[in-house]
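Trainee: sharing a model prediction with you, sequence too.
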Amino acid sequence: MTFSELNKQISKRLDIDLEIVETVTKHVFSEVENIMKDECNTSDILFNELFKFKLKSRYKQNKTNKYSSK
């Protein structure tokens, strides 16, 4: 299922305009993006009852390091 299909399904089920549903669902992910880009914030991001974004341990000490395989 794609993100747009999910939004359509939510919109239909709740009888809410599709644009409003898309705005609300995208807001959550844009906030996650902002938190992940913040160089000072190294906390994990938990979506209640769903999943968790965790930083790799090497980034906990210094989030500005460039990604490498080693």
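Mentor: Noted; the coordinates are in hand. These figures come from a predicted structure and were not determined experimentally. Numbering: from 1, shown residues only.

Trainee: okay, CA-based contacts and neighbour counts for the rest of this
Mentor: Will do.

Trainee: so where do the strands sit in the protein?
Mentor: Along the chain, the segments classed as strands by DSSP state E run 45-47, 51-53.

Trainee: hey, which of the ones you listed is tucked in deepest?
Mentor: With neighbours defined as mean count of other Cα atoms under 10 Å, the strands of the chain peak in mean count at strand 45-47, which reaches a mean of 12.

Trainee: model confidence for Asn7, exactly?
Mentor: Predicted confidence (pLDDT) at Asn7: the value is 93.

Trainee: quick one: it from Val24, how far?
Mentor: Asn7 is 10 Å from Val24, where distance means Cα to Cα, to the nearest Å.

Trainee: among these two, which residue is more densely surrounded?
Mentor: Counting neighbours by other Cα atoms under 10 Å for Asn7 and for Val24 shows that Asn7 has the greater number, 21 against 11.

Trainee: right, and the strands of the chain - which one's nearest Met1?
Mentor: Met1 lies closest to strand 51-53 among the strands of the chain, at 17.5 Å (Cα to Cα).

Trainee: give the pairing partners of the closest one; include direction for each.
Mentor: strand 45-47 (antiparallel) (DSSP bridges).

Trainee: what's in contact with the strand it pairs with?
Mentor: Val32, Lys52, Phe53, Lys54 (Cα atoms under 8 Å, 6 or more residues apart in numbering).

Trainee: I'd like the residues you listed as a markdown table, with pLDDT and distance to Ile45 appended.
Mentor: Listed next are the contacts of strand 45-47 as a markdown table, based on pLDDT from 0 to 100; distance: Cα to Cα, whole Å:
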| residue | pLDDT | distance to Ile45 |
| --- | --- | --- |
| Val32 | 81 | 7 |
| Lys52 | 75 | 6 |
| Phe53 | 70 | 5 |
| Lys54 | 73 | 7 |
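
Trainee: closest to Asp44 out of those?
Mentor: When these are compared against Asp44 (criterion: Cα to Cα), the nearest one is Lys54, at 4.8 Å.
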